[in-house]
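Asks: Kindly return the folded structure for what I paste below:
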Amino acid sequence: MRRFAPWRADDSFAIINPDADALEAYVFRAVHTDLPVQKSSGRARSARTITGEQLLAEVLGPTDHVIVPVIGQSGTGKSHLIRWLGLQLRRLSTNREVIYVPKAQTNLRDIVYLLVKR
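Replies: Numbers count the residues shown, from 1 in each chain. Sure thing, here's the model as predicted:
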């Protein structure tokens with residue numbers, strides 16, 4: 001049997017959008033897959049593998065504020081993880097405010113506007 005692709009490879013991004021910001025929240029939740037997260041603390045050189053749920057629990061732990069830098073190579077799921085965390089935090093925590101900055105709004109003016117309009 002010969003393999004057949006119903007579309008050209010060049011059209012794949014028009015058919016399947018890999019950008020986590022582009023999906024409606026209900027679609028994002030429907031297609032979400034929990035991927036392993038490599039977590040390191042402070043200056044530690046070693047990392048341990050945790051789940052998204054474990055990361056969420058760690059973010060919900062402190063009572064004041066949390067800053068969670070998410071770093072990684074292009075295409076590793078950073079935006080997906082951050083979007084998922086934001087949706088979960090909005091659902092679970094009434095005393096926290098989540099300010100999600102989409103990749104399309106990374107200039108300083110738009111970020112300041114997001115913060116001021118809160």
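Asks: quick one: which helix or strand includes Val27?
Replies: Assigned by DSSP states H and E, Val27 falls within helix 25-31.
Asks: which secondary structure elements does that helix contact?
Replies: Helices and strands touching helix 25-31, by 3 or more C-beta pairs under 8 Å, 6 or more residues apart in numbering; DSSP states H and E, are helix 78-92. All C-beta atoms are positioned from the backbone trio N, CA, C, and that covers glycine.
Asks: Other residues contacting the helix it packs on?
Replies: 19-21, 25, 28-29, 32, 35, 37, 52, 55-56, 59-60, 68, 70-72, 96, 98, 100, 103 (C-beta atoms under 8 Å, 6 or more residues apart in numbering).
Asks: OK, contacts around Gly52?
Replies: Neighbouring residues of Gly52 by C-beta under 8 Å, 6+ apart: 34-35, 37, 81, 84-85.
Asks: May I ask which two of the residues you listed are separated the most?
Replies: Leu35 and Leu85 (12.5 Å; C-beta to C-beta).
Asks: Would you mind telling me which of those two has the busier surroundings?
Replies: More crowded of Leu35 and Leu85, by other C-beta atoms under 10 Å: Leu85, with 18 against 12.
Asks: how about the CA coordinates for the helix holding Val27, as PDB?
Replies: What follows is helix 25-31, C-alpha atoms only, in PDB (Å, rounded to 0.1, in the frame of the first residue of the first chain):
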ATOM      1  CA  ALA A  25      -9.900  27.800  25.400                       C
ATOM      2  CA  TYR A  26     -12.400  24.900  24.900                       C
ATOM      3  CA  VAL A  27     -10.400  23.500  21.900                       C
ATOM      4  CA  PHE A  28      -7.200  23.900  23.800                       C
ATOM      5  CA  ARG A  29      -8.600  21.900  26.800                       C
ATOM      6  CA  ALA A  30      -9.900  19.200  24.500                       C
ATOM      7  CA  VAL A  31      -6.600  18.600  22.800                       C
END
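Asks: What is the subsequent helix or strand relative to that helix?
Replies: Scanning forward in sequence from helix 25-31 by DSSP H and E, the next helix or strand is strand 37-39.
Asks: Appreciated, that's everything.
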